[in-house]
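Peer 1: need a 3D model of the following:
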Amino acid sequence: MKAFNDTERKLLRIAVFTSIPLVVVTMIPILNTFRTITDPFILLLFIISLTHILSIWIINVILVHIFNKGTKQYGSNQLRYVVSFAICITVTFVFFLFLRSLNILEMAIDDPEILRKHRESFIGPLLSGFFTNLFVLLIQELTIIHENKSRVELENAQLRVENTEAFNQQLKQQIHPHFLFNSLSVLKSLIKDSPDIAEDYVIRLSDFLRLSISSNYNNVVRLGDEHRMSLDYLEMQKIRFGDALHFSFDIPEPTLCSCFVPSFSLQSLLENAIKHNTLTDS
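Peer 2: Sure thing, here's the model as predicted:
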């Protein structure tokens, strides 16, 4: 079982669940043709039929495993179908010969002429093997198609998530250099004109960079951390723009502690609000 993949193990489970109903369906026309039916005959026929159908299932699952493992070596699905029918019809014929050797038909048929026809007929077992294998292949291929579709959808979803994460990381990497260069330019002018304010500006900048670097490794951060980083950002902008910029936060403390947001989401909104508005005293 360990050598099989998830799809092949699922096929084996389906084989167990579908074999018994299939045996019952195939036994009904057989039993209707016999006049005398005993309980030992029904039990023996059920066991042999169940073994036969499970054998066909296992053969087809093994073929799927072999062809999936070496597609280039073994060819396409068409070749697998041909091999499957050849093996399964042969197995059915072997089961038929085994039944003949047990003289199981004598348990249900009293008429010698009818018994002779059943023993000499080979068309029935061959058709039984063909249609049983056809039914098994149909269920098997539908299962494989469904599993492949689910796997492709899962892979596409994972790719979309990875693409979103990569885009988010790219945005984060773009924020820092642009913001840092502007901050250093402001700091240069403040050191020359207002050393006290420059000291407060450096503290705010240090706190902002420390929080932003720690947020780089997480796609989602606590709202309180994002709020502190945004507050440092706005205080630096307040130093830069003076009375032209006013701001306030109205977020309850429980919300800050319990809620989460995408990292840099609030800071990016604030940055765009400042960037795309005219800041004047009026």
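Peer 1: what's the following helix or strand after the longest helix that the chain contains?
Peer 2: Counting by DSSP state H, the longest helix found in the chain is helix 123-193. Per DSSP states H and E, the first helix or strand lying C-terminal to helix 123-193 is helix 195-215.
Peer 1: against which helices or strands is that next one packed?
Peer 2: The elements that helix 195-215 packs onto, with contact taken as 3 or more C-beta pairs under 8 Å, 6 or more residues apart in numbering; DSSP states H and E, are helix 123-193, helix 223-241. All C-beta atoms are positioned from the backbone trio N, CA, C, and that covers glycine.
Peer 1: name the helices or strands packed onto the longest one?
Peer 2: In other words, helix 123-193. Using 3+ C-beta pairs under 8 Å, 6+ apart, the elements in contact with helix 123-193 are helix 6-32, helix 39-69, helix 77-102, helix 195-215, helix 223-241, helix 265-275.
Peer 1: please state the offset of that helix from the chain centre?
Peer 2: Remark: helix 123-193 is offset 10 Å from the chain centroid, using C-alpha atoms, centre = their mean, to the nearest Å.
Peer 1: next: the last one.
Peer 2: Using C-alpha atoms, centre = their mean, the mean C-alpha position of helix 223-241 is found 41 Å from that of the whole chain.
Peer 1: quick one: closest of the helices and strands packed on helix 123-193 to residue 259.
Peer 2: helix 223-241 (4.2 Å; C-beta to C-beta).
Peer 1: I'd like the next helix or strand past that closest one.
Peer 2: With DSSP H and E, the next secondary element past helix 223-241 is helix 253-258.
Peer 1: can you spell out which helices and strands pack onto that following helix?
Peer 2: Using 3+ C-beta pairs under 8 Å, 6+ apart: helix 253-258 touches helix 223-241.
Peer 1: before we move on, the earlier item: out of the helices and strands packed on helix 123-193, the one nearest residue 150 is which?
Peer 2: Taking the helices and strands packed on helix 123-193 one by one with C-beta to C-beta, helix 6-32 is closest: 9.7 Å.
Peer 1: the closest one versus helix 123-193: what angle between them?
Peer 2: 160 degrees (axes from the mean of the first three to the mean of the last three C-alpha atoms, to 10 degrees).
Peer 1: pLDDT of helix 6-32, averaged?
Peer 2: Mean pLDDT, helix 6-32: 79.
Peer 1: tell me the buried residues in it?
Peer 2: Buried residues in helix 6-32, counted by 16 or more other C-beta atoms under 10 Å: 7-8, 10-11, 14-15, 18-19, 22-23, 26.
Peer 1: and which of the residues you listed is nearest residue 165?
Peer 2: Proximity of the buried residues of helix 6-32 to residue 165 (C-beta to C-beta) peaks at residue 7, which lies at 28.6 Å.
Peer 1: quick check: closest non-adjacent residue to the closest one.
Peer 2: residue 147 (4.4 Å; C-beta to C-beta, 6 or more residues apart in numbering).
Peer 1: what is the neighbour count of the closest residue to residue 81 other than its chain neighbours?
Peer 2: Spatial nearest neighbour of residue 81, chain neighbours left out: residue 137 (6.8 Å); criterion: C-beta to C-beta, 6+ apart. Close neighbours of residue 137, defined as other C-beta atoms under 10 Å, add up to 18.
Peer 1: not counting sequence-adjacent ones, nearest residue to residue 135?
Peer 2: Spatial nearest neighbour of residue 135, excluding adjacent residues (C-beta to C-beta, 6+ apart): residue 22 at 6.9 Å.
Peer 1: relative to residue 65, how far out is that neighbour?
Peer 2: Distance, residue 22 to residue 65, using C-beta to C-beta, to the nearest Å: 22 Å.
Peer 1: again, but for residue 10
Peer 2: From residue 10 over to residue 65 (counting by C-beta to C-beta), the distance is 13 Å.
Peer 1: common neighbours of these two, please.
Peer 2: Common neighbours of residue 10 and residue 65, counting by C-beta atoms under 8 Å, 6 or more residues apart in numbering, are absent.
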